[in-house]
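**Student:** Have a look at this prediction, sequence included:
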Amino acid sequence: MTDLAKLPVTVITGFLGSGKTTLISHLMRNPGGKRLAVVVNEFGDMGVDGEILKSCAIPDCPVENIMELANGCICCTVADDFIPTIEALMALDPRPEHILIETSGLALPKPLLKAFDWPDIRSRITVDGVIALADAEAVASGRFAPDVAAVDAQRRADDSIDHETPLSEVFEDQISCADIILLTKPDLAGPEGVAKARAIIAGQAPRPLPVVEVAEGMVDPRVILGLEAAAEDDMDARPSHHDGPHDHDHDDFESVVIDIPEISDPAELVARIEELAKTQNILRVKGHASVAGKPMRLLVQAVGARVRHQYDRPLRPDEARAGRLVVIAEHDDIVDNRIRAVLCPAAEAAE
């Protein structure tokens, strides 16, 4: 890459738990000969995804090439966070050859594309492509599409609920802005579910889009890197529900960080998270826990009532045997004391 060449950036978007971090981890290990850098934008106060990615660092994408932005959506903090981060990555020696940006699960991608029109970077950066990840099982079930029956069932609401909920709008905006769709977790959806998800995506997309099935983030980097889409120059082809003077509002969603004491049984924590999803419409839980008698930290990732957990690294000698979880929901569904009562019943009873 010459100094005059624009540095390509790939924006990786997708709903909560769709597999963005898993995909980026795979790309870091299989960069296709490119020297990568990664920007992780978290929703909430704890950098879970950034820590996971830093644990995957390799010579072609070392730890110093992985940066976290946790002060809000990067397209809302352009001058304070986004531009300085891009500048810092471009100043690295050796300079990255491709930047991956993982948006938060609640991010709207089009306002981020508009940020690339910022004068300080427009002449030096180009959006190589926007990759939208869609959870095949969730899409097939209608949870992220404007289907009144599915939305009512998920929200446990009455027939008067607005069909165009914030969740459906986020999903549609991500699809509309994409250059390629990665349909994740096809094994959970099955052939019928995958076919249904493809049909829903085709119905939402403003133009024909390639859809690729991907399991565990395994995709050839040649499929999604080097698209040369110059998305920042192609905004009109990427319609959004939020086009207009007030085109980006995160007030519909909220997060809370819950500190949890050491647990005795991971299955009990899983059951509590499942209860939250079913009774309080919690969208996403992610974080870690300490299990009594175990030397490893337990990583927890949940989308609705679907919970995954695994031991990801040894606990450090100076590390407290406790855990911390980020809980994300729509604004009206975040009630701190109820969430704490479910996740930490012993602590609540002691107070």
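**Tutor:** Nice, thanks for sending it over. Numbering: from 1, shown residues only.

**Student:** When you work out contacts or count neighbours from here on, use the C-alpha atoms and nothing else.
**Tutor:** Will do.

**Student:** Tell me the secondary structure of residue 89, please.
**Tutor:** helix (DSSP: H, G, I helix; E, B strand; the rest coil).

**Student:** tally of neighbours for it?
**Tutor:** As a burial measure, residue 89 scores 22 neighbours (other C-alpha atoms under 10 Å).

**Student:** Surely it touches residue 97?
**Tutor:** No: using C-alpha atoms under 8 Å, residue 89 and residue 97 do not qualify as a contacting pair, with a distance of 10.2 Å.

**Student:** Show me the common contact partners of the two, please.
**Tutor:** Common neighbours of residue 89 and residue 97 are listed as residue 37 (criterion: C-alpha atoms under 8 Å, 6 or more residues apart in numbering).

**Student:** Distance of residue 172 relative to residue 290?
**Tutor:** Taking C-alpha to C-alpha, to the nearest Å as the criterion, residue 172 is separated from residue 290 by 37 Å.

**Student:** same check, this time on residue 237
**Tutor:** Remark: distance between residue 237 and residue 290 (C-alpha to C-alpha) = 47 Å.

**Student:** which of these two has more neighbours?
**Tutor:** Remark: of residue 237 and residue 290, residue 290 carries more neighbours, 26 against 13, as counted by other C-alpha under 10 Å.

**Student:** which element is the more buried one on?
**Tutor:** Taking DSSP states H and E as the definition, one finds residue 290 inside strand 284-290.

**Student:** Direction included, what does that strand pair against?
**Tutor:** Note on strand 284-290: by DSSP bridges, its sheet partners are strand 296-303 (antiparallel), strand 322-330 (antiparallel).

**Student:** hmm, who's touching it?
**Tutor:** Residues outside strand 284-290 that contact it (C-alpha under 8 Å, 6+ apart): 16-17, 48, 260-263, 273, 296-304, 321-329.

**Student:** As a check, name the ranges of all strands in the chain.
**Tutor:** Under the criterion DSSP state E, the chain contains strands at 7-14, 36-41, 66-69, 98-102, 125-135, 180-184, 211-214, 253-261, 284-290, 296-303, 306-314, 322-330.

**Student:** possible to save those as JSON lines with distance to residue 111 and mean pLDDT?
**Tutor:** Supplementary listing: these in JSON lines, determined by distance: least, C-alpha to C-alpha, whole Å; pLDDT from 0 to 100:
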{"stretch": "strand 7-14", "distance to residue 111": "12", "mean pLDDT": "91"}
{"stretch": "strand 36-41", "distance to residue 111": "14", "mean pLDDT": "85"}
{"stretch": "strand 66-69", "distance to residue 111": "16", "mean pLDDT": "70"}
{"stretch": "strand 98-102", "distance to residue 111": "14", "mean pLDDT": "90"}
{"stretch": "strand 125-135", "distance to residue 111": "13", "mean pLDDT": "91"}
{"stretch": "strand 180-184", "distance to residue 111": "18", "mean pLDDT": "93"}
{"stretch": "strand 211-214", "distance to residue 111": "23", "mean pLDDT": "91"}
{"stretch": "strand 253-261", "distance to residue 111": "17", "mean pLDDT": "82"}
{"stretch": "strand 284-290", "distance to residue 111": "23", "mean pLDDT": "86"}
{"stretch": "strand 296-303", "distance to residue 111": "25", "mean pLDDT": "85"}
{"stretch": "strand 306-314", "distance to residue 111": "30", "mean pLDDT": "85"}
{"stretch": "strand 322-330", "distance to residue 111": "20", "mean pLDDT": "82"}
